[in-house]
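[1] Pasting the sequence and the predicted model now:
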Amino acid sequence: MNAAILGIETSCDETAIGVVAGGVVLANRVASQVPLHARFGGVVPEVAARNHLLSILPGIEAALADAHLAPAQLGGIAVTHQPGLVGALLVGVQTARTLALCWNKPLVGVDHIQAHVWAAMLRQPDAPPVALSPPFLALAVSGGHTSLYRVAGPGQMTLLGRTLDDAAGEAYDKFARLLGVAYPGGPNVDKLAQLGDPARFKLPRGMRGRADVAMSFSGLKTAARLHMEALQAQGPLDAQTVQDLCASFQQAVVAQLVHVTQKAALQQGLRDVVLAGGVAANHGLRAGLAQMCARQGLQFWPVPLAWCGDNGAMVAGLGEALLAAGQRDDPHELDAVPTGLVKRRAG
């Protein structure tokens with residue numbers, strides 16, 4: 001088996017450490033901060049950074065123990081260095097730089113979104129190799145990013161279209177707050193949606209008349225808020241109405257994402273479709289894309305649920321591919337590139 005790669009992910013509120021060798025996940029430790037941020041209704045950057053400091057070294061020790069490896073047996077270190085919260089990223093990057101120097105291991109910085117997409121290549125130790133190979137289409141959906149990419153190889157992603165406003169996960173979270181659904185909003189809306197009637201409320205799909213594959217959720221959020229306010233004016237919302245609102249909202253989000261993904265696949269002539277990112281765990285989205293791919297004769301590759309959220313295995317997996325391609329970063333110079341700076345550079 002290939003020498004194992006240690007992956008470090010601290011872009012937001014999970015301190016995640018993974019170990020991967022030959023695409024096989026040997027360890028995947030995630031220290032979630034959801035309980036810490038729940039009382040604020042969202043991630044507080046300073047709280048996230050401080051808790052990464054507390055969790056990162058114990059997480060690395062635990063992951064290496066899970067993989068039955070000593071540091072000397074590693075083939076390299078990969079770390080998320082962009083995009084994300086600057087304080088959170090710095091904890092991971094500085095730790096990875098220090099370990100690379102102390103252990104004399106090659107280091108590579110990894111893009112968080114690209115790592116989510118490359119997680120489609122990962123497998124469990126007892127599973128056969130993944131038959132997916134580039135080029136393929138990838139829909140990356142999370143709380144901070146909703147984009148479509150043509151993927152030609154590790155680190156080779158061409159942006160085809162993105163949301164013009166909120167990411168899908170962000171739209172879910174804002175909708176959840178309006179409705180009074182507990183944090184984390186997106187997963188809880190998904191659970192309620194499975195109990196509701198998606199046909200009860202007619203909500204807009206958005207962006208249907210465009211030739212490109214841009215997305216937008218601002219009109220949907222406004223329409224959902226107006227429905228809520230009209231209903232609340234008549235009295236408190238009962239449980240069934242909340243479930244129906246969630247189901248109707250989810251159906252509208254899924255319909256738009258499925259529509260643009262189908263359009264992009266046909267425009268690009270790609271037969272393989274990857275679904276990645278935290279919102280890739282959404283039941284409605286997985287089902288909707290699976291049905292579309294079956295209708296269009298496309299092969300659907302949803303990232304396994306274990307690797308949809310932020311995790312270190314995805315960072316180690318992409319890092320392994322980048323290191324194999326000869327990419328290296330100087331541990332004296334690798335720096336964190338927060339979300340805003342990434343967008344400015346890209347623009």
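    Okay, I see it.
[2] list the contacts for residue 105?
    71, 74-77, 99 (CB atoms under 8 Å, 6 or more residues apart in numbering). The way it works is simple: take the backbone N, C-alpha and C, and place the C-beta from them, glycine included.
[3] among those, which two are most distant?
    75 and 99 (13.3 Å; CB to CB).
[4] Provide a PyMOL selection command restricted to the buried entries of the contacts of residue 105.
    Those of the contacts of residue 105 that count as buried under 16 or more other CB atoms under 10 Å are selected in PyMOL with:
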select buried, resi 74+75+76+77+99
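[5] quick one: which of the contacts of residue 105 is nearest residue 181?
    For the contacts of residue 105, the closest approach to residue 181 (CB to CB) belongs to residue 77, at 38.8 Å.
[6] Where do the domain boundaries of the chain fall?
    4-122+307-346, 136-302 (automatic domain parsing).
[7] for the stretch 201-347 of the chain, what spans make up the strands?
    Taking DSSP state E, counting those that start in this stretch as the test, the strands found in the stretch 201-347 of the chain are 272-276, 299-302.
[8] okay, the ones you listed, which one's buried deepest?
    strand 272-276 (a mean of 25; mean count of other CB atoms under 10 Å).
[9] In terms of secondary structure, what does that strand contact?
    helix 112-118, strand 136-141, helix 283-296, strand 299-302 (3 or more CB pairs under 8 Å, 6 or more residues apart in numbering; DSSP states H and E).
[10] Who are the packing partners of the shortest one?
    Strand 299-302 sits against strand 272-276, helix 283-296, with contacts defined as 3+ CB pairs under 8 Å, 6+ apart.
[11] Quick one: mean pLDDT for the longest one?
    Over the span of helix 283-296, the pLDDT mean works out to 98.
[12] Find the nearest non-adjacent residue to residue 192, please.
    residue 246 (4.0 Å; CB to CB, 6 or more residues apart in numbering).
[13] try residue 194
    With CB to CB, 6+ apart, the residue lying closest to residue 194 is residue 283, at 6.2 Å.
[14] where's the one you found relative to residue 186, distance?
    12 Å (CB to CB, to the nearest Å).
[15] can you count the residues close to residue 35?
    Neighbour count for residue 35, taken as other CB atoms under 10 Å: 8.
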